[in-house]
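Asker: Just need the structure, nothing else, for what follows:
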Amino acid sequence: MRQPRGDHRGILDPARLRRELRFRRHLPDPALRPWVEHYWLVDWALTTPFTQQVVPHPAVNVVFRRDAAGPESAEVAGVGRTLFTVTLAGTGTVSGIQFRPGGFRPFWGRPVAGLTDRHVPLDTDPAAARAARSVGAAPRCDGTDDERRCALDAFLLGFAPQPDPATAEAMALAEAIRTDRGVLRVDDLARRHGLSVRRLQRLFLDHVGVGPKWVIRRYRLLEAIEQAATGMPDWATLAADLGYSDQAHLARDFAAVTGRTPTGYARSLR
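Answerer: You can find the predicted model right below:
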């Protein structure tokens, strides 16, 4: 039986996150699982502000948030190509939806590349407004986990998403990159799947929001971050395994995104 991901890949200080916040994941309704990776729920009651940094996955998120007793906000967060930093204070809740890479396209109804590096208020999208009206004004940040999960299910089912061969193809290709360490070059990926590089590029920009080369590099970097968080690997061997030309290339890529060298990051968690 499928379970929500249990790792903290991309979260740069997972131990502190677990200490300061209540963070958990849930699977969506089975009808939504072709497109949705999981729901993620966060609650906090902080005496001092808490800052967390995340290296984004190549995935779109829809985020409902309420701070203290304020109104609930909602936005679409496109694929972020730079380090995401958020500071939380006081009390609040978040109910988030992480889509599978490529899985947001049937809900958005247009090329996802237009969302890349952007946070767009959900009430500016006509399809989202129709979906919200179809389920009423039920808040997504209140109640038990089951109530919040059901509210997110109802919201997404209001879009009435339909299977689409191009979306399925894009998601399968992104999943191949994620799960197969041997995928290191765009031309190799295209050849394996009988596609031209140009077709592959268009498919990823339309459905994932970024090109396949970026997705390959991001998944390999996320793996390097996870390896650094769990110990001190042999950096030269890891660099070769992940397709970097040498250890210095890995260190440059790592520092460009996280602001720290691999060894500096690993030491910061000890």
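
Asker: and the nearest residue to residue 140 once chain neighbours are set aside, what is it in contact with?
Answerer: Nearest in space to residue 140, with sequence neighbours left out and distances taken as Cβ to Cβ, 6 or more residues apart in numbering, is residue 64 at 4.0 Å. Quick note: C-beta positions are derived from backbone N, CA and C, even for glycine. Residue 64 sits next to 72-74, 94-96, 139-141, 152 when contact means Cβ atoms under 8 Å, 6 or more residues apart in numbering.

Asker: Secondary structure of residue 64: a helix, I assume?
Answerer: No. According to DSSP: H, G, I helix; E, B strand; the rest coil, the state of residue 64 is strand, so it is not within a helix.

Asker: Once you drop chain neighbours, what's closest to residue 36?
Answerer: residue 28 (4.5 Å).

Asker: wait, the one you found sits on residue 155?
Answerer: No. The criterion here is Cβ atoms under 8 Å, and residue 28 misses it with residue 155 at 10.4 Å.

Asker: The two: who's more crowded?
Answerer: Using other Cβ atoms under 10 Å as the criterion, residue 28 and residue 155 rank with residue 155 on top: 22 against 19.

Asker: Let's verify the more buried one: helix, strand, or coil?
Answerer: helix.

Asker: pLDDT at it, what is it?
Answerer: Residue 155 is assigned a predicted lDDT (pLDDT) of 91.

Asker: pLDDT below threshold where in the protein?
Answerer: 1, 127-139 (pLDDT under 70).

Asker: now with 90?
Answerer: Residue ranges of the chain with pLDDT under 90: 1-9, 68-74, 121-142, 158-161, 181-182, 227-235, 243, 245, 266-270.

Asker: Quick check: longest helix in it by residues?
Answerer: For the chain, the longest helix by residue count, based on DSSP state H, is helix 212-230.

Asker: all helices for the protein, in order.
Answerer: Under DSSP H, the chain gives helices at 14-20, 105-108, 126-134, 145-157, 165-179, 186-192, 197-207, 212-230, 235-241, 247-258, 262-268.

Asker: Going by neighbour count, list what's buried in the fifth one.
Answerer: Within helix 165-179, the residues that count as buried by 16 or more other Cβ atoms under 10 Å are 167, 169-171, 173-174, 177-178.

Asker: Could you dump those into a markdown table and include distance to residue 6?
Answerer: Formatted as a markdown table, the buried residues of helix 165-179 follow (distance: Cβ to Cβ, whole Å):
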| residue | distance to residue 6 |
| --- | --- |
| 167 | 26 |
| 169 | 28 |
| 170 | 25 |
| 171 | 21 |
| 173 | 25 |
| 174 | 20 |
| 177 | 21 |
| 178 | 16 |
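
Asker: ok, of the residues you listed, which one's closest to residue 239?
Answerer: Using Cβ to Cβ, residue 177 is the member of the buried residues of helix 165-179 that sits closest to residue 239, with 18.1 Å.
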